[in-house]
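**Student:** Just to be clear, the model below is a prediction. Sequence and coordinates:
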Number of protein chains: 2
Amino acid sequence: MPKILSTAEVSDFRERLCEAAEELYAEHGMEGFTLRNVARELGVSPMTPYRYFHDKDEMLAAVRARAFTRFSEALEKAFASGGDAGSRADAAGEAYVRFALEQPADYKLMFDVSQPGDEKYPELNAAAGRATQTLTRHVFPLIEAGFLEGDPDLIGHIFWATLHGTMMLHLAGKLGTQYDYRKILDAAFTALIRGFAPKGK
Amino acid sequence: MPKILSTAEVSDFRERLCEAAEELYAEHGMEGFTLRNVARELGVSPMTPYRYFHDKDEMLAAVRARAFTRFSEALEKAFASGGDAGSRADAAGEAYVRFALEQPADYKLMFDVSQPGDEKYPELNAAAGRATQTLTRHVFPLIEAGFLEGDPDLIGHIFWATLHGTMMLHLAGKLGTQYDYRKILDAAFTALIRGFAPKGK
DNA sequence: GCACTTGCCTTACGATGTAAATTTATGCTG
DNA sequence: CAGCATAAATTTACATCGTAAGGCAAGTGC
C-alpha cells in the first residue's frame, strides 16, 4: 500500500464510497445513508471516509452530483437520437420520464433530497447546471423548425417545471389513479404546444 | 393539575407541541425539529411528548397536516373573494404563490419534507386531500364560464403540477434570475389557457 | 384512608456524526 | 539496511438523537 495516495487512488476510493452510498440510499432511503454503513460496506473503519470527504454533507453532494450527471447523460443520449426536432424533443421528454421512473433513487437524490447550503459545492452546481442546460436545450430546434414560438429558454423552463412538478407529485404518491402522471403530462404538453404554437397557425 | 387529562387538554397540549415544532422548523429547518427541542420549548421533559404522540413521525405528520390545513384555508379564502370565475381563479393562483413565498416553512412541510409511509396517518391524508380538492376545484367555474374546455379535474391537476413544479424549483434555488418563477408562471399559464381555450374561439 | 391509576420525570441504551489520540505501514534518509 | 518521519487508517471518546423502562407523586375511586 503506497504511503502517499495518488490523486487517482483518491478519486477511485471516493467513487467506491459514492457507489456504496448510492446503493444504500436506493435500498434503504435516507436513513440507510450513514457514514458508518458506507464504511462497513467497503470494509473500512467508520472514520476512513473522512480522509476522502470533509464531512457527510460533502459526500452527499458528491453522490447527488453523480446522479445529475447520469441524468444529463440519459437525456443527452436520447436527444442525440436521430429524427427531426419534434421526435428528438419527444425522445428527451420520454427519457426524462423514464429516468424518473426507472432510477427513482437518482431522481430523488436530485430533486427530493433538500440539502440546505448545497450551493457551496461547485461539483454539484456544475452537474446541476449541465442538467438544466440539457433540459432546456431541446426547445431551440422546436422553435427553429416552426413548431413553437417564443423565448426558447423560457419555454424550456416551463417544460421542465411541468415535468418536474408532475413527476414529483407522482413519486410522492399525491396523484390518484384516475389522473396519473401519464395523462397529466400528455394533456399538459398538448396544451402547452397549442399555447406556444406560432400565431399564424 | 388534574389527574386525568380531558380530551380538550390533550388536544390543547398537542397543539402547543405542534406550534413549538413549527417554530423550530421554520427557524432552524429539519435539524431543529427535535423531540428534545420541542420539549424544552414547552418546559417539559424530553419524554413528555410521548404521552401525546406515539413517536416523532406521528408528530411530524400532525405538523404537516396543520400546514396543509392552513394552506387550504388560504386558498379557500382567496377563492371565496368575489368576482367572476376568471378573477377568482386568479386570486386562488395568486394565493398559492403567496403562500409558498410567505410561508415557505409550511410549503416545505407539505411538499419538501418526504415522509416515507405518510399514508399511514389519516389526519395527514385528510388535510392533504382537502388541499388537493381546493386546488383543483377552481377550474370548474372556468369551464362553465367558457374560458376553458376539457376535463376540469385533469386541467386542475395540470395547473397544480405547474404551480408546484415552478415553486419547488424556485424554493430550491434552481431557477436563475433571468427566468424567475414569476416569468415562468405568467408564460406557462398564458400558454395553458390558450391551449385549453374552447375550440370555437 | 388507602390502593390504584395516570401523567410526568429520570435514567439508560443504541445509533449517529465527528473530534482527538493512537496505531500502522511505507518510503526516505543516513 | 536500520530507523525515522509521516500519511493513512483505526480506535477511542463525546455530544446528540430517538425512545424503552422504570420510578415518583398527585389525584381518583373504594
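**Tutor:** It's in. Numbering: from 1, shown residues only, chains lettered A, B, ... in the order given.
**Student:** Which of the helices or strands spans the residue of chain A found nearest chain B?
**Tutor:** At 2.4 Å from chain B, A:G165 is the closest residue in chain A, using Cβ to the nearest Cβ. Just so you know, the C-beta spots here come from the backbone N, C-alpha and C atoms, and that holds for glycine as well. According to DSSP states H and E, A:G165 maps onto helix A:152-171.
**Student:** For the longest helix anywhere in chain A, buried residues please.
**Tutor:** Ordering each helix of chain A by length in residues (DSSP state H) puts helix A:56-80 first. For helix A:56-80, the neighbour count (16 or more other Cβ atoms under 10 Å in any protein chain shown) marks A:58-72, A:74-76, A:78-79 as buried.
**Student:** Wondering if the helix or strand hosting A:E19 reaches DNA strand C at all.
**Tutor:** Per DSSP H and E, A:E19 falls inside helix A:7-28. No - remark: helix A:7-28 sits outside contact range of DNA strand C, by Cβ under 7 Å from any atom of the strand, the gap being at least 9.5 Å.
**Student:** Would you check that A:F79 makes contact with A:E94?
**Tutor:** No - look at A:F79 against A:E94 with Cβ atoms under 8 Å: they stay out of range, at 10.6 Å.
**Student:** For the closest residue to A:L171 other than its chain neighbours, grab the count of nearby residues.
**Tutor:** Distance criterion Cβ to Cβ, 6 or more residues apart in numbering or on different chains; nearest residue to A:L171, sequence neighbours excluded, is A:P104 at 6.1 Å. Using other Cβ atoms under 10 Å in any protein chain shown, the number of residues around A:P104 comes to 15.
**Student:** what about A:P104, distance to DNA strand C?
**Tutor:** Per Cβ to the nearest atom of the strand, to the nearest Å, A:P104 is found 22 Å from DNA strand C.
**Student:** cool, and A:G117?
**Tutor:** Counting by Cβ to the nearest atom of the strand - A:G117 and DNA strand C are separated by 12 Å.
**Student:** ok, the residue lying closest to that residue once chain neighbours are set aside to B:L185 distance?
**Tutor:** Of all residues not flanking A:G117 in the chain, A:D57 sits nearest, at 7.7 Å (Cβ to Cβ, 6+ apart). Going from A:D57 to B:L185 by Cβ to Cβ, to the nearest Å gives 32 Å.
**Student:** Repeat that for A:P116.
**Tutor:** 25 Å.
**Student:** quick one: which of those two has more around it?
**Tutor:** Neighbour tally, A:P116 and B:L185, criterion other Cβ under 10 Å: the higher count belongs to B:L185, 21 against 11.
**Student:** leaving aside the residues next to it on the chain, what's closest to that one?
**Tutor:** In space, B:L185 is closest to B:T166, 5.5 Å off (Cβ to Cβ, 6+ apart).
**Student:** Ok, A:F71 next?
**Tutor:** Nearest to A:F71 is A:A131, by Cβ to Cβ, 6+ apart, at 5.4 Å.
**Student:** ok, now A:T34?
**Tutor:** A:L24 (7.4 Å).
**Student:** Contacts only, for the one you found.
**Tutor:** Contact analysis of A:L24 by Cβ atoms under 8 Å, 6 or more residues apart in numbering or on different chains lists A:G32, A:F33, A:T34, A:N37, A:V38, A:E41.
**Student:** returning to what we had before: go ahead and confirm the residue of chain A closest to chain B touches B:M168.
**Tutor:** Yes - under the criterion of Cβ under 8 Å, A:G165 makes contact with B:M168 at 6.9 Å.
**Student:** re earlier: what's the pLDDT at the residue nearest to A:G117?
**Tutor:** The model reports A:D57 with a pLDDT of 98.
**Student:** ok, it touching A:Q115?
**Tutor:** Yes - using Cβ under 8 Å, A:D57 makes contact with A:Q115 at a distance of 6.9 Å.
**Student:** Am I right that A:F68 is in contact with A:V113?
**Tutor:** No - with contact defined as Cβ under 8 Å, A:F68 and A:V113 do not form a contacting pair (11.6 Å).
**Student:** What distance do you get for the residue nearest to A:G117 to DNA strand C?
**Tutor:** 6 Å.
**Student:** measure that residue to B:M30 for me?
**Tutor:** In terms of Cβ to Cβ, A:D57 sits 13 Å off from B:M30.
**Student:** Give the intersection of the neighbour lists for the two.
**Tutor:** Common neighbours of A:D57 and B:M30 (Cβ under 8 Å, 6+ apart) do not exist.
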